[in-house]
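Undergrad: Okay, predicted coordinates and the sequence, questions at the end:
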Amino acid sequence: MHAAEQRGRPVLPPVDRGRARHGPVPDCSGSIAATMHPKRSTPDASLFSPCQLGPSRVTVARCRPVAPPPDLYMLPTGSPTSPPHALAAAAVGHTHTASTSSPPLTPPPPPVFFRPRSAHPHGQTAMVVVLANPPVVDQIPLLRSPGPRDSFSCVPVVDLSGPGAARAIVDACERFGFFKVVNHGVPAATMDVAESEAVGFFAQAQADKDRAGPRASYPFGYGSKRIGLNGDMGWLEYLLLAVDSASLSDACPVPSGAAFRSALNEYVAAVRDVAARVLEAMAEGLGIADAAALSSMVTGAGSDQVFRVNHYPPCPALQGLGCTATATGFGEHTDPQIISVLRSNGTSGLQVALRDAAQAQQWVSVPSDRDAFFVNVGDSLQVLTNGRFESVKHRVVTNSLKSRVSFIYFAGPALEQRIAPLAQLLAEGEESLYREFTWGEYKTAAYKTRLGDNRLAQFQRCSI
C-alpha cells in the first residue's frame, strides 16, 4: 500500500490522457527508448532514445528492428576533453573544483545513423541518432513530452495574503508536494528587471560568459550543459550563485555588472521573504506552536542558500522531430533542500511527475505563469514531516522555438542543522522513517549521486 493511503491521505486520480499511451512509462533516467506501435506504419515521433544533441538540424531515420529498450545499444561518448564544469547536482549547491571554461552551445558535426545490433521478434523499430565525430560530452536525452491534454491545469494555487493560506499549503504539500503562490507581494518590476538583466547576460558572446566561470578555489559562476560530475547533461546554460543572508555573497564575483547584481540582490531579498512566509504559514497549518520552527532554518545564521539563473535556449535540433519531441533541459530530480521557489518567463517547460490511482508515474506539463512563484517540497522537508509531505520529482524540457529563463531560490538550513522528523508532528508511538542526519551529511551523500537517484533511500529506516 502506498504511504499516502496508509496515512489516510488522498491519492491522485488518473490524469486525463486524452488518448492511449504507446510505449513505456519514463524510467529514472528521464528518457524513453523509441518504439513503433505494432499497427502503425510510421514511427511514433513522440518517443525517442538518448542521442547526441546540438543546435543544428538532426534527422531521424528508421533503423532495423531492435531489441526492447533495456537492450538498446548506444555508442559510447568517450571521455571529456576537459574537466567537468561546476554545477550543483540537482541544484544541491555543492562546492567543487572545476574547469573555468564550459562547452558552448555550438553546432555539432552532421548526423549519421547507427544500426543497432539485435532484432526484436515483434518488429518494433527504434530510432537512434548519433553524430559523426560527436563532441564527447554532449549526450543529452530526447524525451517524449506530455501532450496538450496532459497539462497540469489543477495546480494548487495558494493566495499567500489570504486567510486560508496555511491550510491550502499543507493540503497541496500532502497531495502533490508542489503548489503555485499568488498575491505574494513581490513587485512585478523586481521580477521583470532581474529577468531583463539575465537575458542580457546570456546574450553575450560565449567567451565573455566563460570569463564568469568558476575559479579553482570558488566553484560558483557560469556554466553550461554539464550537470554535476556524474554524467548528467542538459540543454541549458546557467549562473550558480551563493547567497549570504538576503543577498548574493560578497565572495561571489558573478555577476560583475552593477545593474545585474543589484537587480538580483533585490530579487533574492524578495523571494527569500516569500520562502519565509510560506514556511511560517506551513508551520501554522501543521499545528506547530513555534511559527518560526521551519523558517528559522533558512533565515538563521549559516543557512545554506543557493540561487540559480537558468537559460534554456531554443534547440533547433528538434525541428522536424514532431510536436511532442523535446530535449532534456534539466533532468528529472527532487530538490534536496527544505523548499525551492521558482519563477520563470512565459515559456513553458517545467514538468512534474504525478502518480495515478494505480501508482503509475505520469509526467504532466505545468502551465507557465510569470507573475507567480512555484514552490517545491524538498527532500529535507519530507524528512522533517516524516513523509507526510513528499518531495516532488520534476524536470525541465526545451523546445525548438522559445527560450526559457528561470530563477530558483533554494532554501537550505545550516550545514550542522539536524534533519529528523519534528517531534510535534509524530503521533504517539509513531517511529521515524529515517535515521537522523545533518544537512552537511546529506549534501555530501547527494553530491555522489545522479540526478534521478533516490537520495533518501540510504537514510530510510522503513519502507515508505
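TA: Sure thing, it's come through. Numbers count the residues shown, from 1 in each chain.
Undergrad: burial count for the closest residue to residue 371 other than its chain neighbours?
TA: Leaving aside its sequence neighbours, residue 371 sits nearest to residue 188 (CB to CB, 6 or more residues apart in numbering; 6.7 Å). Every residue, glycine included, has its C-beta placed from N, CA and C. The tally of other residues near residue 188 (other CB atoms under 10 Å) stands at 9.
Undergrad: Read off the pLDDT value for residue 188.
TA: pLDDT, residue 188: 97.
Undergrad: quick one: average confidence on stretch 275-284?
TA: 98.
Undergrad: ok, which stretches of the chain are helices?
TA: Using DSSP state H, the helices of the chain run over 3-6, 165-175, 188-202, 206-210, 258-286, 295-299, 379-384, 439-446.
Undergrad: which parts of the fifth one are buried?
TA: By 16 or more other CB atoms under 10 Å, the buried positions in helix 258-286 come out as 260-264, 266-268, 270-272, 274-286.
Undergrad: now stretch 192-208
TA: Residues of stretch 192-208 classed as buried by neighbour count (16+ other CB under 10 Å): 193, 194, 195, 197, 198, 201, 202, 206.
Undergrad: ok, now which ones touch the fifth one?
TA: By CB atoms under 8 Å, 6 or more residues apart in numbering, the residues touching residue 198 are 239, 260, 309, 311, 405, 407.
Undergrad: Now with 7 Å, please.
TA: Taking CB atoms under 7 Å, 6 or more residues apart in numbering, we find residue 198 in contact with 309, 405.
Undergrad: What's the separation between it and residue 139?
TA: 27 Å (CB to CB, to the nearest Å).
Undergrad: Likewise for the last one?
TA: Distance of residue 206 to residue 139, computed by CB to CB: 20 Å.
Undergrad: repeat for the first one
TA: Spatial separation of residue 193 from residue 139 under the definition CB to CB is 37 Å.
Undergrad: Please apply the same query to the fourth one.
TA: Using CB to CB, one obtains 32 Å as the distance from residue 197 to residue 139.
Undergrad: Report the separation between the two terminal residues of stretch 287-294.
TA: End-to-end distance for stretch 287-294, by CA to CA, to the nearest Å: 12 Å.
Undergrad: go on, stretch 437-450?
TA: 20 Å.
Undergrad: ok, residue 398 - contacts?
TA: With CB under 7 Å, 6+ apart as the criterion, the residues that contact residue 398 are 235, 312, 315, 326, 327, 329, 349, 404.
Undergrad: I'd assumed residue 396 was in contact with the second one.
TA: So that's residue 312. Yes. If you go by CB atoms under 7 Å, residue 312 and residue 396 touch, sitting 6.4 Å apart.
Undergrad: shared neighbours of those two, anything?
TA: 329, 349.
Undergrad: how about the strands of the stretch 251-400 of the chain, start to end?
TA: For the stretch 251-400 of the chain, applying DSSP state E, counting those that start in this stretch gives strands covering 305-312, 325-333, 339-344, 350-355, 361-365, 373-377, 394-398.
Undergrad: what's the angle between the last one and strand 350-355?
TA: For strand 394-398 against strand 350-355, the angle by axes from the mean of the first three to the mean of the last three CA atoms, to 10 degrees is 140 degrees.
Undergrad: Over to the first one?
TA: Using the same axes, to 10 degrees, the direction of strand 305-312 lies 110 degrees away from that of strand 350-355.
Undergrad: going forward can the numbers begin at 19, since that is how I track them
TA: Renumbered: residue one is now 19, and that last one reads strand 323-330.
Undergrad: Paired strands for strand 323-330, with orientation please.
TA: strand 250-262 (antiparallel), strand 422-429 (antiparallel) (DSSP bridges).
Undergrad: Kindly reformat the ones you listed as CSV containing distance to residue 375.
TA: Converted to CSV, the strands paired with strand 323-330 look like this (distance: least, CB to CB, whole Å):
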stretch, distance to residue 375
strand 250-262, 31
strand 422-429, 31
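Undergrad: could I get the ones you listed as a markdown table with mean neighbour count, mean pLDDT and distance to residue 357?
TA: Shown next, in a markdown table, are the strands paired with strand 323-330 (neighbours: other CB atoms under 10 Å; pLDDT from 0 to 100; distance: least, CB to CB, whole Å):
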| stretch | mean neighbour count | mean pLDDT | distance to residue 357 |
| --- | --- | --- | --- |
| strand 250-262 | 24 | 95 | 14 |
| strand 422-429 | 24 | 98 | 5 |
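Undergrad: Indicate which one of the ones you listed is closest to residue 199.
TA: Residue 199 lies closest to strand 422-429 among the strands paired with strand 323-330, at 12.2 Å (CB to CB).
Undergrad: I figured residue 356 hits residue 432, correct?
TA: No. Assessed by CB under 7 Å, residue 356 is found out of contact with residue 432, at 11.5 Å.
Undergrad: Which one of those two is surrounded by more residues?
TA: residue 356 (30 against 16).
Undergrad: check contacts around the more buried one.
TA: 312, 315, 316, 396, 398, 399, 429, 430, 431.
Undergrad: Neighbours of residue 376, how many?
TA: Neighbours of residue 376 (other CB under 10 Å): 7.
Undergrad: From residue 197, how far out is the residue nearest to residue 450 when sequence neighbours are not counted?
TA: Spatial nearest neighbour of residue 450, excluding adjacent residues (CB to CB, 6+ apart): residue 439 at 4.9 Å. Going from residue 439 to residue 197 by CB to CB gives 22 Å.
Undergrad: more neighbours, these two?
TA: residue 197 (23 against 20).
Undergrad: so what's the more buried one up against?
TA: Residues near residue 197 by CB under 7 Å, 6+ apart: 173, 174, 176, 187, 190, 393.
Undergrad: Check those residues against residue 273 and report the nearest one.
TA: Minimum distance to residue 273 across these is 25.4 Å, recorded for residue 393 (CB to CB).
Undergrad: low pLDDT regions in the chain?
TA: Applying pLDDT under 70 to the chain flags residues 19-156, 165-167, 340-342, 480-482.
Undergrad: residues near residue 374, how many?
TA: For residue 374, the neighbour count with other CB under 10 Å is 14.
Undergrad: That one contacts residue 382, doesn't it?
TA: No. Residue 374 lies out of contact with residue 382 (CB under 7 Å); the separation is 10.7 Å.
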